[in-house]
Every structure is written in structure tokens, then in C-alpha cells.
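Visitor: Below: sequence and its predicted model.
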Amino acid sequence: MITKRTEGRIKVDYGMTDYYKYYCKDNDNPVSRITFNKIITAFNEKVVDLIINEGLEFTPTTLQMTFCIRKTQRIPKIKNGKLINTSPIDWKTTNKLWEEDSEAKDKKILIKFLNNHSSKYVFRIKSIKSGYPYTNKKLYRFKASRFFQRSLSARILDTSKDNFNCFNLY
């Protein structure tokens, strides 16, 4: 069992320290690093909140990428006599089954999410690169932060608010 979360981490070329240095270079009277970090964090949290709760599509002017939420409906289909199920795998339940039943582990039986609470829709945080003027735009990658992903999950499962809805483009 992995105890440290390192899988899937994207190494960044620039971070908050680099942004603060750039900010100090261009300003005569910069704020402290702690204040700068609080302002950037508050701004990012507000953007995440607006994307999730208000359906905002955020497009920073310098990047010309659009950050938004999209949904796709995952319904099992039979194609050429084979069952095709593209629903996400429920790894917690699958691992529990594999611990209890070695035959299921040998056959690699996977348990998938049903998503009945969202009418079989799967929600994704996307970065849309349309109108992106740079060369090699396929090489740019976006991965939402853990806070962003967990906030989206909590909003989808929140029954006190209206059903979560967003544009269905795929």
C-alpha cells in the first residue's frame, strides 16, 4: 500500500516563489511574501468556487485557455458482442473484493461506479485550448489541484443544493 501521494504529480517549472520574485522586480513597494501568498490563495479559491457553484468558465488573458467543468454520460454498451463500460473504476470497493476473493483478483474483476446520483454522468475539470496561439500546444498539460477536485465532488454529492449541471460538450 502506498502511503505517500506521489503518483500522478506534475512537476512545475514555476511556483509561488518565482511569481513573488517577478512581482517584486516590477513593483517599487511590494507587499510581504506572506501577504502575497494569502492574496493569491484567496483569489484561486474564489475562482474555484465560481467555476463549481456558478458555472463560470475562467479564461486568464495571458494563457488563452479556458478552465471549466464538462460532463459525459457513461452508459454500458454492447459492441460486436462485447460489453464496453467506460465508467470510472471504484478502486476502494475493487481492492476490498480482491482482498476477500483471490479468484476475483486473478480474473482482474473490476467494480465500476454507477453514478446513479448524477444520471450516469461523469464530471471532469477541463482546460480547453481553443484559440491557443502558441506552437506545440499539445504539450501543455493541466491537472486540477486536489482541493479543486474534492470541492467538485462535494458539490456533486451535496443534496441541499440544486442538482449539479454543466454543459455537455462531449
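Guide: Yes, it's here.

Visitor: Show me this protein divided up by domain.
Guide: Structurally, the chain divides into domains by automatic domain parsing as follows: 15-74+120-170, 77-114.

Visitor: how about a markdown table for these, with mean pLDDT and mean neighbour count added?
Guide: Just so you know, the C-beta spots here come from the backbone N, C-alpha and C atoms, and that holds for glycine as well. What follows is these, written out as a markdown table (pLDDT from 0 to 100; neighbours: other Cβ atoms under 10 Å):
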| stretch | mean pLDDT | mean neighbour count |
| --- | --- | --- |
| domain 15-74+120-170 | 84 | 13 |
| domain 77-114 | 91 | 11 |
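
Visitor: immediately after the longest helix seen in the chain, which helix or strand?
Guide: As assigned by DSSP state H, the longest helix anywhere in the chain is helix 33-54. Past helix 33-54, further along toward the C-terminus, the next helix or strand under DSSP states H and E is strand 66-73.

Visitor: now the helices for the chain?
Guide: If DSSP H is used as the criterion, the helices of the chain fall at 16-26, 33-54, 91-100, 102-106, 146-157.

Visitor: quick one, which of those helices is nearest to residue 116?
Guide: For those, the distance to residue 116 is smallest for helix 146-157, at 12.1 Å, taking Cβ to Cβ.

Visitor: Residue 76 and residue 113 touch, don't they?
Guide: No. Shown here, residue 76 and residue 113 do not form a contact pair, counting by Cβ atoms under 8 Å, at 11.8 Å.

Visitor: any common contacting residues for these two?
Guide: residue 87 (Cβ atoms under 8 Å, 6 or more residues apart in numbering).

Visitor: still on that earlier bit, and residue 72, which of the helices of the chain is closest to it?
Guide: Comparing those by their distance to residue 72 (Cβ to Cβ), the top pick is helix 146-157, with 13.8 Å.

Visitor: Residues in contact with that closest one: which ones?
Guide: Applying Cβ under 8 Å, 6+ apart, the contact partners of helix 146-157 are 45, 48-49, 52-53, 69, 117-118, 123, 125, 161, 164.

Visitor: go with 7 Å
Guide: 48, 52-53, 69, 117-118, 123, 125, 164 (Cβ atoms under 7 Å, 6 or more residues apart in numbering).
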